[in-house]
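A.B. asks: Show me how the following folds:
(one chain, ligands or ions: 1)
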Amino acid sequence: MSEASLSDNVLATGSLSEELRALLPQTKEGLKLDFSEKIEKSVVVLLHQAREFFYEEKKKECLKTSEIIRDYSWEKLNTGTWRDVDKEWRRVYSYGCLLKALCMCLKTDDIAEAIRVCDMGLLMGASILGNILVKVINVLQKHLQHGKRPSEARIEELRKKKIKSDHTLAPAVKFGTAVPLLHCPSLEFFRKNYLIPQKPVILEGIANHWPCMKKWSLDYIQEIAGCRTVPVEIGSKYTDEEWSQSLMTVNEFINKYIVNKNDIGYLAQHQLFDQIPELKQDICIPDYCCLGNGEEEDITINAWFGPAGTISPLHQDPQQNFLVQVLGRKYIQLYSPQESESLYPHETQLLHNTSQVDVENPNLIRFPKFTKASYQSCILNPGQILFIPVKYWHYVRALDISFSVSFWWS
Ligand SMILES: O=C(O)CCC(=O)C(=O)O
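C.D. replies: Got it, this is the predicted structure:
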């Protein structure tokens with residue numbers, strides 16, 4: 001591209017470039033690049049070069065160098081197990097994504113692609129420069145949508161189109177097995193009767209006034225997050241051989257797995273609210289979490305969004321959980337940790353927290369003790385919160401298009 005056409009582009013996206021620059025330190029020295037000796041010297045040199053090119057407005061060179069940084073650190077992120085990937089390499093990857101996205105916006109006007117690059121940094125990298133990737137995406141998204149956020153009237157219009165129930169037949173909740181239901185219990189009542197004895201309970205009247213209950217619909221989610229890249233689990237359950245994971249935009253996910261039901265796709269156990277803070281404004285942290293001894297920032301908030309028919313096989317987690325139902329219904333079975341022996345956990349390290357039993361269609365020849373396991377069950381409806389104590393086994397099947405938010409706390 002000639003210099004003339006380069007500057008034409010900069011002019012065309014003038015205010016975008018100004019807004020992006022405002023997020024960055026004024027001088028290249030301000031954009032600190034501190035890495036430990038774990039990062040090879042040649043990579044640190046490349047990072048300095050990319051930074052220099054960026055501040056000197058050598059966009060083509062900066063783009064090329066940031067691509068090399070991304071490709072090289074990508075290899076590091078994909079070698080060995082994720083747990084063993086050093087955070088320093090994840091930071092390098094984030095810098096590569098940041099510089100690449102910035103150059104793309106200044107050099108071309110492919111904003112959607114720049115958002116995808118930033119999302120890759122958020123998903124695979126580590127936080128840099130005060131979570132700058134989130135801030136960059138905020139600016140980019142405004143320009144992508146010509147500065148429009150849905151107005152109150154538009155939110156109301158979208159709400160009217162709210163997802164209808166799929167009318168999937170809900171399994172009967174057997175008499176005597178139903179999870180008890182409480183309306184706005186006091187903190188002390190909940191602590192004494194459910195938290196201390198570690199008993200599941202459904203809480204009503206707590207979350208039904210959260211903004212998400214009114215605002216969220218397929219259309220609203222598409223307006224806020226349609227262009228964002230998210231991880232999607234493909235296949236009916238994570239214990240199946242054919243199960244896999246893929247990255248795609250929320251729009252692609254909705255079109256492929258919710259509107260057209262090609263296969264089961266599940267945006268499961270994803271910290272979507274860290275990635276898209278705008279959606280976080282629509283939810284609250286249940287007050288009952290203060291009964292734990294952890295800090296509020298230690299609470300892990302996950303999104304679970306998918307079509308009817310997603311299944312989370314019977315498994316247990318190491319923290320207390322408030323599972324909040326926002327859209328659609330879910331059928332849930334719960335087994336106390338004392339039943340573990342009758343639930344036949346997988347023997348492998350990776351799946352030791354997951355039962356081998358297909359709860360709604362158990363093979364009693366292979367797993368005879370399963371008939372002895374006692375359980376509780378419920379249909380979780382929008383606005384309800386299910387308290388799942390630490391290590392309590394839970395099986396979850398969506399009966400409708402469903403959006404749940406889980407709060408893991410200690
Ligand atoms: O909703 C689901 O599919 C599973 C939720 C879950 O396992 C959890 O919140 O820990």
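A.B. asks: And the helices in the stretch 201-350 of the chain?
C.D. replies: Secondary structure of the stretch 201-350 of the chain by DSSP state H, counting those that start in this stretch: the helices cover 211-215, 218-225, 250-253, 272-275, 277-280, 340-343.
A.B. asks: Please give the number of neighbouring residues around the residue in the stretch 151-300 of the chain that the ligand sits nearest to.
C.D. replies: When scored by C-beta to the nearest ligand atom, the stretch 151-300 of the chain has residue 268 as its residue closest to the ligand, at 6.2 Å. (C-beta placed from N, C-alpha, C; glycine too.) Neighbour count for residue 268, taken as other C-beta atoms under 10 Å: 19.
A.B. asks: Report the contact partners of it.
C.D. replies: Residue 268 is in contact with 233, 302, 304, 305, 306, 310, 312, counting by C-beta atoms under 8 Å, 6 or more residues apart in numbering.
A.B. asks: Identify those among those that sit within strands.
C.D. replies: 233, 302, 304, 305, 306, 312 (DSSP state E).
A.B. asks: Domain-wise, how is the protein divided?
C.D. replies: Here the domain parsing of the chain from automatic domain parsing is 3-144, 181-409.
A.B. asks: ok so, going back, is it possible to get TSV of the helices of the stretch 201-350 of the chain that adds mean neighbour count and mean pLDDT?
C.D. replies: Shown next, in TSV, are these (neighbours: other C-beta atoms under 10 Å; pLDDT from 0 to 100):
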stretch	mean neighbour count	mean pLDDT
helix 211-215	17	97
helix 218-225	21	94
helix 250-253	20	96
helix 272-275	18	97
helix 277-280	16	96
helix 340-343	16	98
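A.B. asks: export those to a markdown table and tack on distance to the ligand?
C.D. replies: Shown next, in a markdown table, are the helices of the stretch 201-350 of the chain (distance: least, C-beta to the nearest ligand atom, whole Å):
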| stretch | distance to the ligand |
| --- | --- |
| helix 211-215 | 15 |
| helix 218-225 | 17 |
| helix 250-253 | 16 |
| helix 272-275 | 13 |
| helix 277-280 | 17 |
| helix 340-343 | 15 |
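A.B. asks: JSON lines for these, including distance to residue 26?
C.D. replies: Shown next, in JSON lines, are those (distance: least, C-beta to C-beta, whole Å):
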{"stretch": "helix 211-215", "distance to residue 26": "37"}
{"stretch": "helix 218-225", "distance to residue 26": "32"}
{"stretch": "helix 250-253", "distance to residue 26": "35"}
{"stretch": "helix 272-275", "distance to residue 26": "28"}
{"stretch": "helix 277-280", "distance to residue 26": "25"}
{"stretch": "helix 340-343", "distance to residue 26": "58"}
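A.B. asks: picking up where we left off before, can you narrow the ones in strands among the contacts of residue 268 to ones near the ligand?
C.D. replies: Among the ones in strands among the contacts of residue 268, proximity to the ligand is found for 304, 312 (C-beta under 6 Å from any ligand atom).
A.B. asks: Select from the ones in strands among the contacts of residue 268 the one having the most neighbours.
C.D. replies: Scoring the ones in strands among the contacts of residue 268 on neighbours with other C-beta under 10 Å, the highest-scoring entry is residue 305 at 31 neighbours.
A.B. asks: Contacts only, for the closest residue to that residue other than its chain neighbours.
C.D. replies: Among residues not flanking residue 305 along the chain, residue 267 sits closest, at 4.3 Å (C-beta to C-beta, 6 or more residues apart in numbering). Residue 267 is in contact with 230, 231, 232, 233, 250, 253, 303, 304, 305, 306, counting by C-beta under 8 Å, 6+ apart.
A.B. asks: In space, not sequence, find me the middle residue of this structure.
C.D. replies: residue 270 (2.4 Å; C-alpha atoms, centre = their mean).
A.B. asks: how many neighbours does the residue lying closest to it once chain neighbours are set aside have?
C.D. replies: Excluding the flanking residues, the one nearest residue 270 by C-beta to C-beta, 6+ apart is residue 303, at 5.3 Å. Number of residues near residue 303 (other C-beta under 10 Å) recorded here: 24.
A.B. asks: Great, nothing more from me.
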